[in-house]
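Chemist: Below: sequence and its predicted model.
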Amino acid sequence: MKKTLKKWLESIKTELFNPLRTPEMKAFSVALGTFIAFSPFMGFHFIMAFTLAALYKPLDKVLLVGFTMVNNWWTMVPIYGLGLWVGGMLTGVSGFTVTGIQWEMFSLRNFFNGSAFSYIGHTLRPMLLPFIVGNMVTSVIAAVLAFFVVRALLKKKNRGMKIYEERNISGIENKSKESTA
């Protein structure tokens, strides 16, 4: 598990500093991945990420899919809880609590016999509109923030790298000219 996480983080770091893509395209890829991660379309995140990566070639696929994984088993509850809270504030629908949910209804047996779907339809229906609205709003906010933060960081990093590369290149060129003279 640790090796997989470390390898995944290393591939994201490598792509983030890949000089072949512009900071804007990298930031856009991160923003799209973040948007997908915060979106309310549970179970479709990777399908959305892979579809976008296949349709839009300039995207950095590693960054897009990597940042889609921001939503995982450890972050799902805070992400969707925030979205539900924002949605409740925006729609004015309230009165639902996580403690009021009968979690035992989500067993595999109840999904097979249909009672889980019935429970979702009747009990959780008041949460649907706030959930969708809130998570769409948080998706947009998180994506915009991710874009501007990543772009600013990459531009700052690139400024330092370009100065170093220019000095290095000019130093090499000067040495080669001196040695031929």
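Modeler: It's in. Predicted, not measured: the structure shown is a model, and the values here were computed from it.
Chemist: If we ignore the residues flanking it in sequence, what's nearest the most centrally placed residue in the chain?
Modeler: In the chain, the centroid-proximal residue (C-alpha atoms, centre = their mean) is residue 34; its distance is 2.4 Å. Distances taken as C-beta to C-beta, 6 or more residues apart in numbering place residue 146 nearest to residue 34, at 4.1 Å, with adjacent residues excluded. Quick note: C-beta positions are derived from backbone N, CA and C, even for glycine.
Chemist: and the helix or strand encompassing the residue nearest to the centre of the chain, what does it pack onto?
Modeler: Applying DSSP states H and E as the criterion places residue 34 in helix 23-38. For helix 23-38, the contact count by 3 or more C-beta pairs under 8 Å, 6 or more residues apart in numbering; DSSP states H and E identifies helix 2-16, helix 45-55, helix 61-68, helix 76-91, helix 125-180 as packing neighbours.
Chemist: what's the most buried one of the ones you listed?
Modeler: helix 61-68 (a mean of 23; mean count of other C-beta atoms under 10 Å).
Chemist: Quick one: mean pLDDT for that helix?
Modeler: Across helix 61-68, pLDDT averages out at 90.
Chemist: low-confidence ranges in this protein?
Modeler: 1-2, 18-19, 97-98, 159-181 (pLDDT under 70).
Chemist: hmm, back to that, now tabulate the helices and strands packed on helix 23-38 in TSV and tack on distance to residue 109.
Modeler: TSV is the format used below for the helices and strands packed on helix 23-38 (distance: least, C-beta to C-beta, whole Å):
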stretch	distance to residue 109
helix 2-16	31
helix 45-55	26
helix 61-68	31
helix 76-91	23
helix 125-180	22
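Chemist: re the thing from before, what residues sit buried inside the helix holding residue 34?
Modeler: Neighbour-count burial for helix 23-38 flags 23, 25-38 (criterion: 16 or more other C-beta atoms under 10 Å).
Chemist: which among the residues you listed gets closest to residue 140?
Modeler: Ranked by distance to residue 140 (C-beta to C-beta), the buried residues of helix 23-38 are led by residue 35 at 7.0 Å.
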